[in-house]
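# got a structure for you, letters missing:
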């Protein structure tokens, strides 16, 4: 078996290699989207905590 024969997949290469590419692409998307969502959630929580800290500090200054 030669390397060329392996890559030609017995004449089915035009069906097999795009499927491999699709699977790899989907795996990368399934890895990337949760990371992006996690970063977004962390950023939003940090903004919310900063806002709440400023609000609490303002209340303390008013003497409440």
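Looks like it came in fine. Treat the numbers as computed from the prediction; the structure is a model and nothing was measured.
# The closest residue to residue 16 other than its chain neighbours in helix, strand or coil?
Setting aside the residues directly before and after it, residue 16 is nearest to residue 9 in space (C-beta to C-beta, 6 or more residues apart in numbering), at 4.6 Å. Placement of C-beta: from N, CA and C, glycine included. Three states are possible here, and by DSSP: H, G, I helix; E, B strand; the rest coil the one that applies to residue 9 is helix.
# Give me the mean pLDDT for the strand or helix carrying residue 38.
In the assignment (DSSP states H and E), residue 38 maps to helix 13-62. The average pLDDT within helix 13-62 is 94.
# Quick one, grab the pLDDT at residue 9.
Reading off the model, residue 9 has pLDDT 87.
# ok, it to residue 62 distance?
In this structure, residue 9 lies at 74 Å from residue 62, with C-beta to C-beta, to the nearest Å as the measure.
# Is the residue nearest to residue 16 in contact with residue 18, as I believe?
No. At 11.3 Å, residue 9 does not count as touching residue 18 under the criterion of C-beta atoms under 8 Å.
# Neighbour count: these two, which is higher?
For residue 9 against residue 18, the residue with the higher neighbour count under other C-beta atoms under 10 Å is residue 9, and the figures read 13 against 10.
# Just give me how far stretch 47-61 sits from the chain centre.
Centre-to-centre, stretch 47-61 and its host chain are 31 Å apart (C-alpha atoms, centre = their mean, to the nearest Å).
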